[in-house]
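Q: Sharing a model that was predicted from the sequence below.
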Amino acid sequence: MGILDGRVVLVTGGARGIGESHVRHCVDEGAEVVFGDVLDTEGRALARELGAACHYVHHDVTNHDHWTAAVEEAVSRYGALHGLVNNAGVLRFRTIEDMTLDEFNHVWQVNVAGSWLGVKTAAGAIEGSGGGSIVNTSSIEGFVGAAGLSAYSAAKFAIRGLTKVAARELGSRGIRVNSLHPGAIATPMTTGVDTVDGVDSGGLFASMPISRWGQPIEVSRLASFLLSDKSAYCTGSEFVADGGMTTGPGY
């Protein structure tokens, strides 16, 4: 028995990294999953591997029509939609002075507008399926700033606000909305940022209580908890998986 038995979940950015881990773990926990990405080769390969409980769709989260198609696919293929994980995101390292407006807008569109469109598009289907849960992916950069991450941090702060407003608007319709805040997780997005192997006591992890990179599954377990009835009294809240990185001034 899995904690998501009988649930249908939509995951964005699911072809690799944390999103891929979400897809795999939701299937392992009993869910049927529709997941989207713009990385079609990787997405289709993952869907083939996982079989009938999983289906891939090409999905640009900044495109409203793609959102409509993804939600409709979940309902038509599996008969309902109970959960959404707004996972898709992009990261750009640039100082404020060096970043172009186009780069800033791209980060904002994918991370914030993409999540907003997800809430907007999926809410009706989730309500029609008897209610459920939306998980918006923010970051520890949604709590603290980091040099070179002005667009990303601004976007992740905004997702906190979006989550709280959506929780207020959708609670009476049986939909819970929470934000998920990963820290330093070893994924393709973070490749090249320090080392992703083991403990780095002299660098990024020196002051952390758990001094290592986090693994995607450690975030996915938290996401599945938020999608399940085990978190039935949680909404508008912020859930952190960062190895204690934000506990003190060493960050």
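A: All right, it came through fine. These numbers come from a predicted model, not from an experiment.

Q: Alpha carbons of stretch 239-247, in CSV - could you do that?
A: The C-alpha trace of stretch 239-247 is given here as CSV (Å, rounded to 0.1, in the frame of the first residue of the first chain):
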residue,chain,number,x,y,z
PHE,A,239,8.2,22.9,4.0
VAL,A,240,12.0,23.0,4.0
ALA,A,241,14.5,20.2,3.0
ASP,A,242,17.9,21.9,3.2
GLY,A,243,20.1,19.9,5.6
GLY,A,244,19.8,22.7,8.1
MET,A,245,21.4,25.2,5.7
THR,A,246,19.2,28.1,6.7
THR,A,247,19.5,27.5,10.5
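
Q: mind checking the SS state of the nearest residue to residue 2 once chain neighbours are set aside?
A: Using Cβ to Cβ, 6 or more residues apart in numbering and skipping residues adjacent in sequence, the residue nearest residue 2 is residue 30, 3.0 Å away. In this view, the C-beta of every residue, glycine as well, is placed from N, C-alpha and C. Under DSSP: H, G, I helix; E, B strand; the rest coil, residue 30 falls in the coil class.

Q: you'd agree residue 30 is up against residue 5?
A: Yes. Here residue 30 reaches residue 5: they are 3.6 Å apart, a contact under Cβ atoms under 8 Å.

Q: ok, these two, which is more surrounded?
A: residue 30 (16 against 10; other Cβ atoms under 10 Å).

Q: can you tell me which residues contact that one?
A: Residue 30 makes contact with 1, 2, 3, 4, 5, 6, 7, according to Cβ atoms under 8 Å, 6 or more residues apart in numbering.

Q: who wins for neighbours among those?
A: Highest count within these by other Cβ under 10 Å belongs to residue 7, 25 neighbours.

Q: so what strands line up beside the one helix or strand in the chain whose mean pLDDT sits lowest?
A: Of all regular secondary-structure elements in the chain, judged by mean pLDDT, DSSP states H and E, the least confident is strand 238-241 with a mean of 95. When pairing is defined by DSSP bridges, strand 238-241 lines up against strand 175-182 (parallel).

Q: Could you list the buried residues of the helix or strand just after the partner strand?
A: Next helix or strand after strand 175-182 toward the C-terminus (DSSP states H and E): helix 216-227. For helix 216-227, the neighbour count (16 or more other Cβ atoms under 10 Å) marks 216, 218, 219, 220, 222, 223, 224, 225, 226, 227 as buried.

Q: For the residue nearest in space to the middle of the chain, which residues are in contact?
A: Closest residue to the average C-alpha location of the chain: residue 87 at 2.4 Å, with Cα atoms, centre = their mean. Contacts of residue 87 were listed using Cβ under 8 Å, 6+ apart, and they are 11, 12, 13, 14, 18, 19, 22, 137.
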